[in-house]
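S.K.: Predicted model follows, preceded by the sequence.
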Amino acid sequence: MSERLVGRGWWREAIARWRSPLGTAAQGLALVSGTTGAAGCANLFPPEGTLAEADRYVETHSASGDIEEHSESALGVQRRAGWAVEADGPLEIEGAIAVDAAGGQGWRDGETLAAALAPARPDLVRFYVPTLFQSLAGPDAESLRAAMMPALTPPMNRAYAIGRALRSLFEEAGFPSDTAVVVDLRGEESVALAAAIADRFDPVFDFDNWPHPAGVVPSHQTLAAALYYRPLFERARLGRAPGAAPLFVLDADRLTPYEDDGSRFDNRYLARLPAAPHLGELGVRHVLYVTDDGGGAELDDLNAAFVGYEAAGIDVRRLALADFAEEAIPDEEPDDPDAVPNYGAMVFYWGGDPLAHACFWDYYGWYAPVGGHAKVRIAPPVPARVAHGFAWRVSPRAVFSPGLAGLGRVTLPASRATGMPLGPGGRSGSFGRFHAGFGGG
């Protein structure tokens, strides 16, 4: 089979199942192009047959020039053909539970999720990217709403508990409004940490895709976490100060390395942080970039923004979840060995030690303790377990391979005569990428 067909698995299977030479896609063309256009395209559709016959068919017509490749955004395909376009299986939600964080059923009102989780500050709304939350809205989302449930996993619980520890660090500094926090963990963990500090920071979610059962990015887990923590976000919004500092919430899985694969749906996307002038207008002087382990460089789509911040005099430092460790264990071991650990009842400290935790701002240098006087103490040596994010600096670097254009896009067989994509119902074809790679695969 030709290299051009690699990754067209689902389209090939669908095309082999068609029961007539005309097919539903050609019928759809008849509505657009008229009888002549549909008849002219009828020969582009194979009769019912095997996958091998479908391969031979596409090879023949590609060689003759009747079929060309049509590139479209994955999100565009989903909006046109359904969130689960061509999926063979259901969503599999890890940690799915029947109630939200308040123990209720309010999560079932998915249609209002995007509005409920919007920033409270009017000047932050322009930076809100609610695409993922909007996937639950409207009559076309009924099947997704039926498939979704809240979720709570051990990593989410741990991220929430560490978020409470992070909150205590900012409490020590009086909750200053000039430090923006950028949380860049796996989506569900970012949501959990955000929920822990949302009473003092205004969350600005940046989730620019839809879930898919075979998605490269498991954004359904992020959506399930948002459903779970929604009551906490709504409660925090009511008590939050009007000028609370911004909290940009990202999904670190958005740039997951991916090679062309017909069994996967490329729902990746790029983060969109404010440019330096806009961040300055918000009164931000510092950016704390929160990642999982503090190793390596920032993700590629953040480099330009971070370099711009530093050039504008906005200090960017890093903090790792791995910098925190718990001091205690739960009072009682759960009877169920598979139960989610109650990290909310545990106390985490930066550096794994109360003394190191108390000296956090001595290392990061942005703030002094509240009260107008310095504490009488001698800062201990830098804890061995921390990733030295206080010494981290961003620098310009080469980002992205030449395959950036293929990010979050699908390539469909299309009629050269009409330019319209060919597939079941005129919908999708391959979920792979053919002329673009990303990050070396």
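M.R.: Good, I have the coordinates.

S.K.: residues in contact with residue 104?
M.R.: Each residue near residue 104 by CB atoms under 8 Å, 6 or more residues apart in numbering is listed here: residue 231. C-beta here means a position set from N, CA and C on the backbone, and glycine is covered the same way.

S.K.: Please shift the residue numbers so they start at 28 in all later answers.
M.R.: Renumbered: residue one is now 28, and that last one reads residue 131.

S.K.: Report the separation between it and residue 266.
M.R.: Distance, residue 131 to residue 266, using CB to CB, to the nearest Å: 19 Å.

S.K.: and what of residue 411?
M.R.: From residue 411 over to residue 266 (counting by CB to CB), the distance is 38 Å.

S.K.: what's the answer for residue 328, then?
M.R.: Look at residue 328 and residue 266: by CB to CB, they are 33 Å apart.

S.K.: So if I had to pick from these two, which one is more boxed in?
M.R.: residue 328 (19 against 9; other CB atoms under 10 Å).

S.K.: Residue 297 is in contact with that one, correct?
M.R.: Yes: taking contacts as CB atoms under 8 Å, residue 328 lies within contact range of residue 297: 4.5 Å.

S.K.: between the two, what contacts are shared?
M.R.: With CB under 8 Å, 6+ apart, residue 328 and residue 297 have common neighbours 281, 282.

S.K.: Pull out the buried positions in stretch 129-145.
M.R.: Neighbour-count burial for stretch 129-145 flags 133, 134, 137, 138, 140, 141, 143, 144, 145 (criterion: 16 or more other CB atoms under 10 Å).

S.K.: Surely the last one touches residue 153?
M.R.: Yep, that's residue 145 we're talking about. No: under the criterion of CB under 8 Å, residue 145 is not in contact with residue 153, lying 11.1 Å apart.

S.K.: Doesn't residue 305 lie inside a strand?
M.R.: No: per DSSP: H, G, I helix; E, B strand; the rest coil, residue 305 lies outside any strand segment and is helix.

S.K.: OK, contacts around the closest residue to it other than its chain neighbours?
M.R.: The spatial neighbour of residue 305 that comes closest, neighbours along the chain excluded (CB to CB, 6 or more residues apart in numbering), is residue 154 at 7.6 Å. Shown in contact with residue 154 (CB under 8 Å, 6+ apart): 146, 231, 233, 273, 275, 299, 300, 301, 305.

S.K.: Tell me the most packed of those, by neighbour count.
M.R.: Of the contacts of residue 154, with other CB under 10 Å as the count, residue 275 tops at 30 neighbours.

S.K.: Give me the pLDDT value at the residue nearest to residue 161 when sequence neighbours are not counted.
M.R.: Nearest residue to residue 161, sequence neighbours excluded (CB to CB, 6+ apart): residue 141, at 4.9 Å. pLDDT recorded at residue 141 is 98.

S.K.: Next: residue 368.
M.R.: Looking at residue 368, its pLDDT is 52.

S.K.: mind listing the strands for the chain?
M.R.: 94-100, 206-212, 228-232, 272-278, 313-318, 342-347, 351-353, 375-377, 436-442 (DSSP state E).

S.K.: Low-confidence bits of the protein, can you list those?
M.R.: 28-97, 287-288, 355-372, 398-407, 428-432, 439-468 (pLDDT under 70).

S.K.: give me that answer again for 80
M.R.: 28-98, 286-289, 354-373, 396-409, 411, 427-433, 437-468 (pLDDT under 80).

S.K.: need the contact list for the closest residue to residue 424 other than its chain neighbours.
M.R.: Among residues not flanking residue 424 along the chain, residue 330 sits closest, at 6.0 Å (CB to CB, 6+ apart). By CB under 8 Å, 6+ apart, the contact set of residue 330 is 324, 421, 423, 424, 426.

S.K.: now the helices: where do they sit in the stretch 28-177 of the chain?
M.R.: In the stretch 28-177 of the chain, the helices defined using DSSP state H, counting those that start in this stretch lie at 36-44, 50-69, 78-91, 101-108, 140-143, 158-161, 169-174.
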